[in-house]
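Enquirer: what's the 3D shape of this:
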Amino acid sequence: MGIGGWIVIAVVVLLVVWLVFTYNRLVTARNRTQEAWSEIDVELKRRHDLIPNLVNTVQGYMGHERGTLEAVTNARAAAVSAGATGDPAKIGQAENMLSQSLRSLFAVSENYPDLKAISAFTNLQETLTATEDKIEFSRRFYNGNVRDYNISLQTLPTSLIAGALGFKAFAFFQADEGDRAVPAVSFNQGPAAGGPPPGSATSGPPPMSGSSGPPTQ
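Expert: Here you go, the predicted structure:
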């Protein structure tokens with residue numbers, strides 16, 4: 001075999017090695033991103049599970065705030081429904097609406113001293129606050145992984161083969177300022193700044209079963 005033949009073989013071997021390395025690197029990045037999403041999923045489910053207990057706790061004290069309680073219930077149903085789609089954009093929008101309805105409920109609770117005095121309510125508030133903090137941390141971790149993964153897909157020479165190998169970009173999980181403001185709610189200092197007016201209602205679809213899952217690839 002001549003020198004030219006050996007050169008061709010060397011090029012083919014190098015190309016195969018590069019393809020294997022690139023594929024494995026993308027699989028690792030994709031799995032890491034999906035794992036980061038699963039952490040968000042866990043915290044969102046915990047948040048959804050806490051809300052019925054919150055509504056049941058406060059409704060005996062806030063009978064005249066039916067609109068506020070319905071807004072929380074409808075927003076939770078919309079968040080659960082959006083979670084079933086696995087679409088971070090839809091989930092983020094629904095979760096933001098849920099945060100706004102919760103902030104409204106917390107603001108209205110300032111008018112009910114007896115409610116704020118019971119341990120069940122304060123415990124739920126503290127747990128929701130801790131959950132919101134975990135969601136925010138998980139959100140940043142997930143978005144960081146999405147950024148790195150998407151950059152890998154969009155840069156040469158990986159971008160030439162990523163689509164053919166079945167790799168697709170992930171969507172970021174966005175939040176608005178209202179969502180990030182929920183953990184700052186204090187029951188001793190009045191309604192949270194920038195929150196919606198007490199009693200405001202957020203429409204949403206009727207409750208349905210389903211759980212949020214990782215973005216599909």
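
Enquirer: state the helix or strand in which Leu69 lies.
Expert: helix 66-83 (DSSP states H and E).

Enquirer: same question, Leu14
Expert: Counting by DSSP H and E, Leu14 is found in helix 3-58.

Enquirer: run the angle between that helix and helix 66-83 for me.
Expert: In terms of direction (axes from the mean of the first three to the mean of the last three C-alpha atoms, to 10 degrees), helix 3-58 departs from helix 66-83 by 160 degrees.

Enquirer: elements contacting helix 3-58?
Expert: Secondary-structure packing of helix 3-58 (3 or more C-beta pairs under 8 Å, 6 or more residues apart in numbering; DSSP states H and E): helix 66-83, helix 88-108, helix 119-154. Using the backbone N, CA and C atoms, a C-beta is placed for each residue, glycine as well.

Enquirer: which one of those helices lies nearest to Phe170?
Expert: Minimum separation from Phe170 across the helices and strands packed on helix 3-58 (C-beta to C-beta) falls at helix 119-154, 4.5 Å.

Enquirer: what packs against the closest one?
Expert: For helix 119-154, the elements it packs on are helix 3-58, helix 88-108, judged by 3+ C-beta pairs under 8 Å, 6+ apart.

Enquirer: quick check: angle from the first one to helix 88-108?
Expert: Interaxial angle of helix 3-58 relative to helix 88-108 (the same axes, to 10 degrees): 20 degrees.

Enquirer: only the buried residues of stretch 129-149, if you could.
Expert: Neighbour counts over stretch 129-149 (16 or more other C-beta atoms under 10 Å) mark 131-132, 134-136, 138-139, 141-143, 145-146, 149 as buried.
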